[in-house]
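Engineer: kindly return the folded structure for what I paste below:
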Amino acid sequence: MSDPDPLIPEELEDLLDWATMAMLYAVGYIRILGDAIVRGDADLQVDPVAWENSLIAIEGVMVEHIRGRLHGPTPITVEDVERMRRLRGLGSAALSGGERSPELCPLALRCIECLFGPDWKRAARQAEFYARALNQEFHAHRRT
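Structural biologist: As a prediction, the model looks like this:
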């Protein structure tokens, strides 16, 4: 792959901010959805639009890792991006009332681990906290 386009400091800062937020919310939503499915909850507790937007964003972050513009605790591969896309599709199906695939939870854990490496459990708990707060805020505004 060719060298990434150089970024000016402001662009790099914006990219890092976007990547951090995308990762935080995507992993939080992944964890919330996976836990709800494991428990067999009727309400999966994740807004479908937030799910789609967050997972599309994290796929973009992962591509930036591959391009060399971002670096994280683990190297990201094309296969990791493909797994995340698969997870997005399975989650979207479950959130739209379709199948709750048994593949979703193991795939979710693998996707989180590819983003955070060995410290994924602690990072996922923190991300879940922030995603729940955002989800509650989003639903409060939709009701008014």
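Engineer: what helix or strand does the spatially most central residue of the chain sit in?
Structural biologist: Geometric centre of the chain, nearest residue: residue 26, 2.3 Å, by CA atoms, centre = their mean. Under the criterion of DSSP states H and E, residue 26 resides in helix 9-39.
Engineer: where does the protein have low pLDDT?
Structural biologist: Applying pLDDT under 70 to the chain picks out residues 1-5, 7, 134-144.
Engineer: apply 80 and report the result again.
Structural biologist: For the chain, the stretches with pLDDT under 80 are 1-9, 12, 118-144.
Engineer: can you give me the strands in it?
Structural biologist: Remark: no strands are assigned in the chain by DSSP state E.
Engineer: what segments of it are helices?
Structural biologist: Here the chain has its helices, by DSSP state H, at 9-39, 48-67, 78-95, 104-116, 120-143.
Engineer: now do the shortest one: everything it contacts.
Structural biologist: Where contact means CB atoms under 8 Å, 6 or more residues apart in numbering, the residues beyond helix 104-116 that reach it are 23, 27, 30-31, 33-34, 37-38, 58, 62, 72-74, 76, 80, 83-84, 86-87, 90-91, 94, 120, 123-124. Yep, even glycine has a C-beta here, placed from its N, CA and C like the rest.
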